[in-house]
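1. Next comes the sequence, and after it the predicted model I'd like to discuss.
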Amino acid sequence: MEYNFKEIEGRSSLYWENHEVYAVHNPQPGADTKPKCYILDMFPYPSGSGLHVGHPVGYIASDIYARYKRQRGYNVLHPMGFDAFGLPAEQYALEHGLHPANTTKQNIARYKEQLYQIGFCYDWNREVRTSDPQYYQWTQWIFLQLFNSWYDRKQDKTRPIAELEAILEAQGNAGYENEMPTIDAATWRSYSEKEKRAFLMEYRIAFSAYSEVWWCEALGTVLANDEVINGVSERGGHPVEKKKLKQWFLRITEYANRLLNDLDTLEWSDAMKEMQRNWIGKSKGALVTFNTEINKPIEVFTTRPDTIFGADFLVIAPEHPLVADLTTAAQQEAIDAYLKYTKSRSERDRLSQVKVVTGCFTGSYAIHPFTGAPLPIWIAEYVLMGYGTGAIMAVPAGDERDHAFATHFNIPITNIFGELYTGSEAYTQKNAILTNSSFLTGLTANEAILVAIDEIEKRGLGSPKTQFRLRNAGLSRQRYWGEPFPIIYKNDIAYTVYELEGQLDKEVLQLPVQLPYVERYAAGPGGASPLANIREWVEVGSNGTDTYLRETDTMPGYAGSSWYFLRYMDPHNNNAIASADAINYWQQVDLYVGGTEHAVGHLLYARMWTKALYDLGYLPFHEPFKKLLNQGMIQGSSRYVYRVKNTNTYVSFGLKDSYETTPLHVDVNIVNGLILDTNAFKASRPDYANAEFITEDGEYICGAEIEKMSKSMYNVVNPDAIVARYGADTFRMYEMFLGPVEASKPWDTNGIEGVFRFVKKFWRLFFNEEGIFYLSADQPTSDELKILHKTIKKLREDIERFAYNTCISQMMITVNELGALRCNKRTILEPLVAAISPFAPFMAEELWHLMGNEGSVTFAPYPEHDEQYLVESTKRYPIAINGKTKSEIELAIDISEDELKAMVTALPQMEQWLGGKALKKLIFVKGKMINIVA
RNA sequence: GCCCGGAUGGCGGAAUUGGUAGACGCGCCAGACUCAAAAUCUGGUAUCUUCACGGAUGUGCAGGUUCGAUUCCUGUUCCGGGCACCA
């Protein structure tokens, strides 16, 4: 029987479905069961264009591992779902008038169809969609936990806000100030409800605060930072302005240290950990207070307190609260102009244009805390209010930016590095011995830092301080297609829906707070979310004295994706995010597979949510993803045609240099290798219909280029077409055969033929010359056994290290060797079917049943190798002269060194190899090689 | 600028701990089968040199350590990714 993948794959799919082979069960607590293994893919955002061949790489890699682990006896949780809230769907809705709920549903259906045919062993009963109210009620629930929590810095732990209230009530906040002033219990008790709520807001993990957004009047919407380029909108180039809005944030900065330190416990790539470390950006330094002429002190943060005697001026951010006070009348006009300039600049602009030095003198001076020297105070855009204290002491001799600034504005520079400072550029290394630095003179940086901080503290000028680059995460979006906040403002004070119980109708206060249906997605008044337009939804009640209004912002994409791995454990639970039993059983994700583009966003937020839920007692673990595997990108291989200038004639690649041509992308799907299907080309676009070709030997040869796989390059290859032509098993294996999972590599449809041939050869081993399924019951030979056991050993080793490309190479070798031996013995082939099953599950399932086995090959134990079949009696040793291999010799494996030496030195070629020189040494590494040193 | 990763035949890649560089596949060449093609099968295929046996060179480049280096060290070039006036 010929290998007919369509029939085989249809039958296997049906079998899996009818027998619910992929259903995963949570065992009863305490039951004696298999060990668990949780293997997770980063769930996709279902875009309108479907999957291309680059998307499934990670899914196939994790699927192979999941199937392997099942065959090794694990209870494997391997689910899939959809990150279904998000901007593109809303943008599409704005442009086409289609409701995001509908387009999202359609896109998901398409994705599922594509995923289904590739044969992933997902338990679709556990599917989650972040836009499903049954799902997002728990996203809202977690938000409420975060709102109802604060961070206890002493215990380094998230605690319920009620416990903070009890502390305030009993003793005030002494010892628990965080960023707030100290108050005593009497003061707290004297506060009004509004004052108390405002005070607590400064402690909550999920809190609200004023913050700026980019508002674009012409587009009628709020824009993200990267949608604003050079002060205008990316789409359409419309003017944008900053608007101050009250927004929700997560106090992720409280977790900075733990997020940093716990990286050491994770099996992630060093690159990935490093990216997170950089993002968190811990730096140690000191806060130092500089008094000013007007007696309003400025606090600066510095990582180099050792260079304090080199401080020649201060720079504060344009947004610094003291700017107005410090500006003298003479400088007022210049400062106003500069502030106007910085207002027009996005933070991205301010941080990216490194070469341009701008700034403005306030007219005031600060007083150097040690020398008493007057230091001019400047404002400049390179100092950001959001980092440190928004003020720096500028040390031009030791900092490049400060140096450029001082040079640009002709500010005199104090040299504190002796000859190491040349005057033309700053000396930033820490190995200098300080000069001209009072009590620090003669010390190196690392010594001086300690001495300086000590002295600063002694004189009450400041204190050591650790600063993080990480900022609190914005949780508000002025958008429609996201989770509504379960928050209601009673007389402008934010309350959770639960807190208002008894004051409003029950339905209004229930989770989920449903996203209402809208017809229009345009922004609400003053840059508010589209939800603000729906008065009947927003205005949930009024009793004459109190007004109740819903929060109209929605949550960003990362809200739903920060905890989805928990929901898969118990996806239909209506009483909790997942039952405690389910969470205790499945625990951390053992293997998480996804792209590096989520290095900081998603992975950092998910880690923070996990830590908060752990602190609050909902989880028994504080890191979500134990091992992380990053799949590389699949690049596209573009094809070009060369149009002769001002004609409709196209010249083949090899002849194009004789003409003046314009290279044009041509759809890779109408090119076979490099040969263009000229008829398909003519049919592809009306303006190509009359195209003429200058060919080479009758063929039109295209040019080729490796580029990103994208629609605009016409190099997108759809997996559906590949599966239709070669079958899913071949597709799965070819994706893996291309190279290591982590590496980026170009897609080349041509190469798939090799894998397709291999699959057909594997299949043919099970059929006799008449095409009848036939396996022999004969005893296997030692050669056959050796092939089998060598293969099993290699497969097990390579699967464990995710080297699937070499697994497939090994199976190709195996099939070639068994084919040469015409081996059709059941004892050899049956274990091979089980062994290939993770890679080619459809074919394996079919063969498994043809061999008369009951049940699915999915649970067939993965074969084990037996060393006894791999023992060799002899070994072909390479003989090298001075490290260069010259010859080979076959020797008994257990030969002694003396025997070997006698044998080798007696070889007739010895004289020639030594070339007249004496034998200095003979190196023999047992089982490896022989080296003759002359 | 800083941090991380990488560079091996015409192409994708292999070599797991310092021990026969180029496994496996694509492509290409030759042959078998065929009226022919497709499919399939067999053999060859790093480079230079030699009629051949063989010899020399060879893992981005320049050095070093070692009996022996794709692998370790130093420097350097190029490519990819991330971060970026972060005080």
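-> Happy to help now that I have it. Numbers count the residues shown, from 1 in each chain, chains lettered A, B, ... in the order given.

2. residues in contact with the closest residue to RNA strand B within the stretch 201-350 of chain A?
-> Nearest residue of the stretch 201-350 of chain A to RNA strand B, counting by Cβ to the nearest atom of the strand: residue A:271, 3.0 Å away. From N, CA and C alone the C-beta is placed, and that goes for glycine too. Contact analysis of residue A:271 by Cβ atoms under 8 Å, 6 or more residues apart in numbering lists residue A:596.

3. Is it correct that it falls within a helix?
-> Yes. With DSSP: H, G, I helix; E, B strand; the rest coil as the criterion, residue A:271 is part of a helix.

4. Distance-wise, check it relative to residue A:743.
-> Using Cβ to Cβ, to the nearest Å, residue A:271 is found at 13 Å from residue A:743.

5. What is the burial count for the residue in the stretch 551-700 of chain A that RNA strand B sits nearest to?
-> Nearest residue of the stretch 551-700 of chain A to RNA strand B (Cβ to the nearest atom of the strand) works out as residue A:596 at 5.4 Å. By other Cβ atoms under 10 Å, the residues close to residue A:596 number 18.

6. Spatially nearest residue to it (excluding sequence neighbours)?
-> Spatially, and ignoring its direct neighbours in sequence, residue A:596 is nearest to residue A:630 (4.9 Å; Cβ to Cβ, 6 or more residues apart in numbering).

7. show me what contacts the one you found?
-> A:269, A:272, A:593-596, A:742.

8. Of these, select the buried ones using a PyMOL command.
-> PyMOL command restricting the contacts of residue A:630 to the buried ones, with burial defined by 16 or more other Cβ atoms under 10 Å:
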select buried, chain A and resi 272+593+594+596
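
9. ok so, going back, show me what contacts the residue of the stretch 551-700 of chain A closest to RNA strand B?
-> A:271-272, A:275, A:630.

10. so can I have JSON lines of the residues you listed showing pLDDT?
-> Listed next are those as JSON lines, based on pLDDT from 0 to 100:
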{"residue": "A:271", "pLDDT": "82"}
{"residue": "A:272", "pLDDT": "86"}
{"residue": "A:275", "pLDDT": "85"}
{"residue": "A:630", "pLDDT": "90"}
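
11. circling back to that earlier point, what about the residue of the stretch 201-350 of chain A closest to RNA strand B, distance to residue A:803?
-> Counting by Cβ to Cβ, the gap from residue A:271 to residue A:803 is 19 Å.

12. Find the pair from the contacts of residue A:596 with maximum spatial separation.
-> By the measure Cβ to Cβ, A:275 and A:630 form the most distant pair in those, at 10.8 Å.

13. which residues touch the residue nearest to residue A:61 when sequence neighbours are not counted?
-> Once flanking residues are discounted, residue A:61 sits nearest to residue A:741: 4.6 Å by Cβ to Cβ, 6+ apart. Counting by Cβ under 8 Å, 6+ apart, residue A:741 touches A:57-58, A:61, A:629, A:631-632, A:802, A:804.

14. pLDDT, secondary structure and neighbour count added to the residues you listed, as CSV?
-> Converted to CSV, the contacts of residue A:741 look like this (pLDDT from 0 to 100; DSSP: H, G, I helix; E, B strand; the rest coil; neighbours: other Cβ atoms under 10 Å):
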residue, pLDDT, secondary structure, neighbour count
A:57, 92, helix, 23
A:58, 93, helix, 22
A:61, 95, helix, 24
A:629, 91, strand, 20
A:631, 89, coil, 27
A:632, 88, coil, 18
A:802, 93, coil, 20
A:804, 94, helix, 26
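
15. Farthest pair within these?
-> Maximum distance among the contacts of residue A:741 (Cβ to Cβ): 12.7 Å, for A:632 and A:804.

16. residue boundaries of the strands in the stretch 251-400 of chain A?
-> Ranges of strands in the stretch 251-400 of chain A, per DSSP state E, counting those that start in this stretch, are A:282-292, A:298-302, A:313-316, A:360-367, A:374-379, A:391-394.

17. Turn the ones you listed into JSON lines, columns for distance to RNA strand B.
-> Below are the strands of the stretch 251-400 of chain A laid out as JSON lines (distance: least, Cβ to the nearest atom of the strand, whole Å):
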{"stretch": "strand A:282-292", "distance to RNA strand B": "4"}
{"stretch": "strand A:298-302", "distance to RNA strand B": "4"}
{"stretch": "strand A:313-316", "distance to RNA strand B": "8"}
{"stretch": "strand A:360-367", "distance to RNA strand B": "13"}
{"stretch": "strand A:374-379", "distance to RNA strand B": "12"}
{"stretch": "strand A:391-394", "distance to RNA strand B": "4"}
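
18. Tabulate the ones you listed (CSV), appending mean pLDDT and distance to residue A:3.
-> Listed next are those as CSV, based on pLDDT from 0 to 100; distance: least, Cβ to Cβ, whole Å:
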stretch, mean pLDDT, distance to residue A:3
strand A:282-292, 90, 58
strand A:298-302, 92, 69
strand A:313-316, 93, 73
strand A:360-367, 93, 76
strand A:374-379, 94, 74
strand A:391-394, 92, 70
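
19. want to try CSV for those strands, with distance to residue A:536 and mean neighbour count as columns?
-> What follows is those, written out as CSV (distance: least, Cβ to Cβ, whole Å; neighbours: other Cβ atoms under 10 Å):
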stretch, distance to residue A:536, mean neighbour count
strand A:282-292, 49, 18
strand A:298-302, 49, 22
strand A:313-316, 48, 24
strand A:360-367, 51, 21
strand A:374-379, 48, 21
strand A:391-394, 48, 25
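
20. quick one: residue A:169 and residue A:189 touch, right?
-> Yes. Contact between residue A:169 and residue A:189 holds when scored by Cβ atoms under 8 Å: they sit 7.0 Å apart.

21. start to end distance for stretch A:862-870?
-> For stretch A:862-870, the first-to-last residue distance is 19 Å (Cα to Cα, to the nearest Å).

22. right, and the secondary structure at residue A:636 would be what?
-> strand.

23. give me every residue that touches it.
-> A:668, A:706-710, A:713, A:715-717, A:746-747 are the contacts of residue A:636 under Cβ under 8 Å, 6+ apart.

24. So which of the residues you listed are in strands?
-> A:706-707, A:746 (DSSP state E).

25. Contact residues of the stretch 751-900 of chain A facing RNA strand B?
-> Applying Cβ under 7 Å from any atom of the strand, we find that the stretch 751-900 of chain A lies next to RNA strand B at A:751, A:753-758, A:760-761, A:794, A:797-798, A:801, A:803, A:805-806, A:808-809, A:812-813, A:816, A:819-820, A:876, A:878, A:880, A:882-886, A:888.

26. Let's see that with 6 Å instead.
-> The stretch 751-900 of chain A comes close to RNA strand B at residues A:751, A:753-754, A:757, A:761, A:794, A:797, A:803, A:805-806, A:809, A:812-813, A:816, A:876, A:878, A:882-883, A:885-886, A:888, as judged by Cβ under 6 Å from any atom of the strand.

27. Could you chop chain A up by domain?
-> A:34-142+A:558-630, A:282-468, A:484-553, A:634-707, A:727-741+A:748-869, A:872-933 (automatic domain parsing).

28. looking at those, which is closest to residue A:208?
-> Per Cβ to Cβ, nearest to residue A:208 of those: domain A:484-553, 6.2 Å.

29. Just the mean pLDDT for that closest one, thanks.
-> Mean per-residue pLDDT for domain A:484-553: 89.

30. Over to stretch A:205-218?
-> Here stretch A:205-218 scores 83 as its mean pLDDT.

31. What segments of the stretch 51-200 of chain A are helices?
-> A:56-71, A:87-96, A:100-118, A:133-147, A:161-171, A:185-190, A:193-201 (DSSP state H, counting those that start in this stretch).

32. JSON lines for these, including distance to RNA strand B?
-> Output for these, formatted as JSON lines (distance: least, Cβ to the nearest atom of the strand, whole Å):
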{"stretch": "helix A:56-71", "distance to RNA strand B": "12"}
{"stretch": "helix A:87-96", "distance to RNA strand B": "18"}
{"stretch": "helix A:100-118", "distance to RNA strand B": "20"}
{"stretch": "helix A:133-147", "distance to RNA strand B": "24"}
{"stretch": "helix A:161-171", "distance to RNA strand B": "29"}
{"stretch": "helix A:185-190", "distance to RNA strand B": "32"}
{"stretch": "helix A:193-201", "distance to RNA strand B": "25"}
